[in-house]
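# Predicted structure and sequence below. I'll ask about it afterward.
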Amino acid sequence: MRYILSVLGLAALAVLPMFFGDYGTGLLVGLAGYVTLATSWAMFSGPTRYISLATVAFFGVGAYTVAVLNEVLPYPLVLLCAAGIGATMALLVGLSTLRLAGIYFVIFSFGLAELVRQLITWFEVNVTGTLGRYIFLDLEAKHIYWQLLALGAATLALSAWIRRSRLGLALRVIGDDETVAAHSGINLARTKLVLFVASSTIITLVGAIQAPRWVYVEPSIVFNPTVSFLTVIMALLGGATKLWGPLCGAVPLFLLFEWLSARFPDHFSILLGLMFMAVVYALPDGVLAALERFRRKGNGDKTAETAKEASA
Amino acid sequence: MFLSTLFLGLVLGGTYALLALGLSLQYGIARIMNLAYGEFMLLACFAVTMMFTSWGLGPLWGLLVVVPLGYALGWVIHTVMMRPLIKRSGGGGRLEVDTILATFGLLFVVQGLMLVTFGSDFTSYSYLNQGVGILGTTIAANRLIAFAVSLVIGFGLYAVLIRTRWGRALRAVALAPGSAYLVGIDVGKLGRQGFALGGALAAAGGALISMFQTFSATDGVVFTMKALIVVIMGGVGNILGALIAGLLLGLAETFVAAFIDPGLTMAATYTMFLAVLLWRPTGLFGKAGG
């Protein structure tokens, strides 16, 4: 029954561009993109509590791979290359940083996008001699939307599967207490690495799929740090430890930010910052957890709440 | 060429060390990783610039104004923003993540306010920009003064921390927050003072850097990153380590910029950062283990 509902829901989402104009379809592309970004971000950062600020580093690498290869290889192969490059980069970054304490990881990931941007800029200026590339692919907004929809659905399915598997259990133990996890025989480094690579590869693919939306690509365009910040705040708002949390955070926030950035372009970063603080102070565990607490309080079911908190 | 690069590197490194000292105090004593640190610094840059261009008040006098303001701002932010988070965490590991996210929000608010007020253009002013000859090379007087003042502040602070009773209490909180209160130290109060002191140092660093560098309202993140890297390389909470790591970073940047490519300074910084962390996860002068 659940599978039939999911398929029906997906089909309903897929026909939406038929009813929307160009602007509406553009919004759908952005929405599907951020839902996928937030869900894949939470796949790794939710259970491990390693706050990654490197989203745009992978997103930008995906977009840039398409910009470089779009006239050389057929489109599906370009996507495959992007995924491969993203996975390799995640593997390298993960191998060198995931052994570090959480706080060092935050800081490293914070600057990773800047590092990659600088390296690509340097390479383009000094080696290839051209800064900036064109993407000529005859893909319409709705084609991009369908690809993102498929990727988003696959990401949710993967997240759901991981949560139920041994890997998910291991991750939750790591998130609760690394020492306990190590003593119960969980291979910390490998578990974190697998998840980090999976999540980063999906993020790279989102960048690659969205790349044709820009016709002209330059490092400073595709490595826009706001993407990382938005992803984090969306996932946290919804609740990064819940399967549907990132989605619940991404949809309203994306629409809100879209509206705000059109209305108050100069004050956007102030509003973004205030929103960030509001989430941290008012909804530390996300909207879904707050709703659950609220509902349980309404039922007067105190025992369930304490039991849940003890196990959480 | 070599000698002048060496001097430039040392001068830049001196200001980096000063920048990192403030962040190191905030993290070491108050246990708050302040991602808005660079924005504090930029506020001082803009304040000093405004005082100089509109009132003719030299940056060294400006320093005397912005440092107390930096202390006050740090105090207010700790009281208003950080205390609720400290209370909520109850001393658990949650504080680290919460403060990172909260100061991250603060970063955007301050950056946005600066963009609205000052615009996104690069700003600078010209103060004592004539060259001074040293050992056959010339170096701008403003850089030399900035370097000298950084060293005075840095070693002055070191002396205060080592010699005075207050400094000893601050170090006790940094070393053992769990047991410092057993000997009658008000850990909460000293944490707030440590955070405020960090704000004062950020202001000092900003005022000095504005003397010889151009800056814009969006540069805060870069300054924060550099300060963080210096703090981590030096070993968290280690004042002398931060001084040495700051100098090293300044040297590495100037040498890479002069002899390899100015576009690769960030890459050089990161390579150093990663290499140090992989080799010694607690920093060059950090305690073993932990």
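Sure, I can see it.
# list the buried ones in stretch B:148-168?
Buried residues in stretch B:148-168, counted by 16 or more other CB atoms under 10 Å in any protein chain shown: B:149-150, B:153-154, B:157-158, B:161. Just so you know, the C-beta spots here come from the backbone N, C-alpha and C atoms, and that holds for glycine as well.
# and those as JSON lines, adding distance to residue B:19 and secondary structure?
Below are those laid out as JSON lines (distance: CB to CB, whole Å; DSSP: H, G, I helix; E, B strand; the rest coil):
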{"residue": "B:149", "distance to residue B:19": "13", "secondary structure": "helix"}
{"residue": "B:150", "distance to residue B:19": "9", "secondary structure": "helix"}
{"residue": "B:153", "distance to residue B:19": "11", "secondary structure": "helix"}
{"residue": "B:154", "distance to residue B:19": "10", "secondary structure": "helix"}
{"residue": "B:157", "distance to residue B:19": "13", "secondary structure": "helix"}
{"residue": "B:158", "distance to residue B:19": "15", "secondary structure": "helix"}
{"residue": "B:161", "distance to residue B:19": "17", "secondary structure": "helix"}
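# I'd like these as TSV, with distance to chain A and pLDDT appended.
Listed next are the buried residues of stretch B:148-168 as TSV, based on distance: CB to the nearest CB, whole Å; pLDDT from 0 to 100:
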residue	distance to chain A	pLDDT
B:149	28	90
B:150	23	88
B:153	25	90
B:154	22	86
B:157	23	88
B:158	25	86
B:161	23	88
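# longest single helix anywhere in chain A?
Using DSSP state H, we find that the single longest helix of chain A is helix A:22-48.
# How far off centre is that helix?
Taking CA atoms, centre = their mean, to the nearest Å, one finds the center of helix A:22-48 at 6 Å from the center of the full chain.
# For chain B, tell me whether it is touching it.
No: using CB under 8 Å from any CB of the partner chain, helix A:22-48 never reaches chain B; the gap is at least 10.2 Å.
# pLDDT of that helix, averaged?
Mean per-residue pLDDT for helix A:22-48: 88.
# Check stretch B:233-244 too.
Stretch B:233-244 comes out with an average pLDDT of 78.
# mind checking how far that stretch is from the chain centre?
Remark: stretch B:233-244 is offset 12 Å from the chain centroid, using CA atoms, centre = their mean.
# Can you give me the end-to-end span of it?
Using CA to CA, to the nearest Å, the end-to-end distance of stretch B:233-244 comes to 9 Å.
# Alpha carbons of the least confident helix or strand in chain B by mean pLDDT, as CSV, please.
Across the helices and strands of chain B, mean confidence by mean pLDDT, DSSP states H and E is lowest for strand B:131-134: a mean of 75. Coordinates of each C-alpha in strand B:131-134 appear next as CSV, following Å, rounded to 0.1, in the frame of the first residue of the first chain:
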residue,chain,number,x,y,z
GLY,B,131,59.0,53.2,3.1
VAL,B,132,61.5,52.6,5.8
GLY,B,133,64.8,51.0,5.0
ILE,B,134,65.8,47.9,7.0
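# Partner strands of that strand and their direction?
Next to strand B:131-134 in the sheet, as set by DSSP bridges, lie strand B:137-140 (antiparallel).
# Show me which residues of the partner strand are buried.
Buried residues in strand B:137-140, counting neighbours by 16+ other CB under 10 Å, are found at B:137, B:139-140.
# Stretch B:99-106 too?
B:99-106.
# any low-confidence regions in chain B?
Along chain B, the parts satisfying pLDDT under 70 run over B:90-93, B:237, B:281-282, B:286-290.
# For the helix or strand hosting residue B:251, give me every contacting residue.
Using DSSP states H and E, the element containing residue B:251 is helix B:239-259. With contacts defined as CB atoms under 8 Å, 6 or more residues apart in numbering or on different chains, helix B:239-259 is touched by B:1, B:5-6, B:8-21, B:24, B:154, B:157-158, B:161, B:226, B:229-231, B:233-235, B:264-265, B:268-269, B:272, B:283-286.
# Now the buried members of these.
Among the contacts of helix B:239-259, the ones that count as buried by 16+ other CB under 10 Å are B:5-6, B:8-21, B:24, B:154, B:157-158, B:161, B:226, B:229-231, B:233-235, B:264-265, B:268-269, B:272, B:283-286.
# For the longest helix of chain A, name the packing helices and strands.
Judged by 3 or more CB pairs under 8 Å, 6 or more residues apart in numbering or on different chains; DSSP states H and E, helix A:22-48 is in contact with helix A:16-19, helix A:55-69, helix A:141-164, helix A:166-176, helix A:188-210, helix A:226-238, helix A:245-263.
# would you turn the buried residues of strand B:137-140 into a markdown table with distance to residue A:291?
Below are the buried residues of strand B:137-140 laid out as a markdown table (distance: CB to CB, whole Å):
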| residue | distance to residue A:291 |
| --- | --- |
| B:137 | 66 |
| B:139 | 62 |
| B:140 | 60 |
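# quick check, nearest of those residues to residue A:42?
residue B:140 (49.8 Å; CB to CB).
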